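J.: give me a model of this one.
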Amino acid sequence: MRVVAVMLFLSAGMAAEAMSYSFVCRASGRLGGPIRFEFYRDSTTRPKTNIESFTVSMRTADDRWKAMWSILSGRRLTKPIEYGVTPPGFTTMIQPQKLIPGRVYKGFATDGRGGSSGVTFGFDKDGTMIFPDSFDQ
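T.: Residues are numbered from 1 along each chain as shown. The predicted structure follows:
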């Protein structure tokens, strides 16, 4: 039931894309250590704190996306989101699953005001986070 609710919530956000704007999401870290997601209003360093939802999904073999972790907010962010750690004031909708090398992931955030952001990433064999130009090569 929660998965359906999260998917409907994300779909509604995507449907409103014509009236939306984007903000910046940056991912950092490595497997075996903290993986952090930071949000910015634009290309400057001004942090964006009014994140309403955040989901990390994995691309499947049939090019669909499977949610690996999802949270919804009730408060402002005070620091970057760390994968698998639900920030204060947020609710976990989908429990975190293990991330593995060689897979394609996407972090997707919304702010509840028409704004959204995403970052696509992966991990190489030694656990280093990578952002290749194309995951289809």
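J.: pLDDT weak spots in this structure?
T.: 1-19, 43-44, 134-137 (pLDDT under 70).
J.: redo that, cut-off 80
T.: Within the chain, the segments meeting pLDDT under 80 span 1-20, 42-45, 74-75, 132-137.
J.: just give me the residue closest to the centre of it.
T.: Nearest to the centroid of the C-alpha atoms of the chain, with distances taken as C-alpha atoms, centre = their mean, sits Gly107, at 2.2 Å.
J.: I figured it hits Gly122, correct?
T.: No: Gly107 lies out of contact with Gly122 (C-beta atoms under 8 Å); the separation is 11.8 Å. To be clear about C-beta, it is placed using only N, CA and C from the backbone, and glycine gets the same treatment.
J.: residues contacting the residue nearest to the centre of the chain?
T.: Counting by C-beta atoms under 8 Å, 6 or more residues apart in numbering, Gly107 touches 25, 27, 37, 54-56, 118-119, 121.
J.: give me the neighbour count for the residue nearest to Ile71 when sequence neighbours are not counted.
T.: Spatially, and ignoring its direct neighbours in sequence, Ile71 is nearest to Phe90 (4.5 Å; C-beta to C-beta, 6 or more residues apart in numbering). Other residues within reach of Phe90, judged by other C-beta atoms under 10 Å, total 19.
J.: same question, Tyr21
T.: Tyr21: 13 neighbours (other C-beta under 10 Å).
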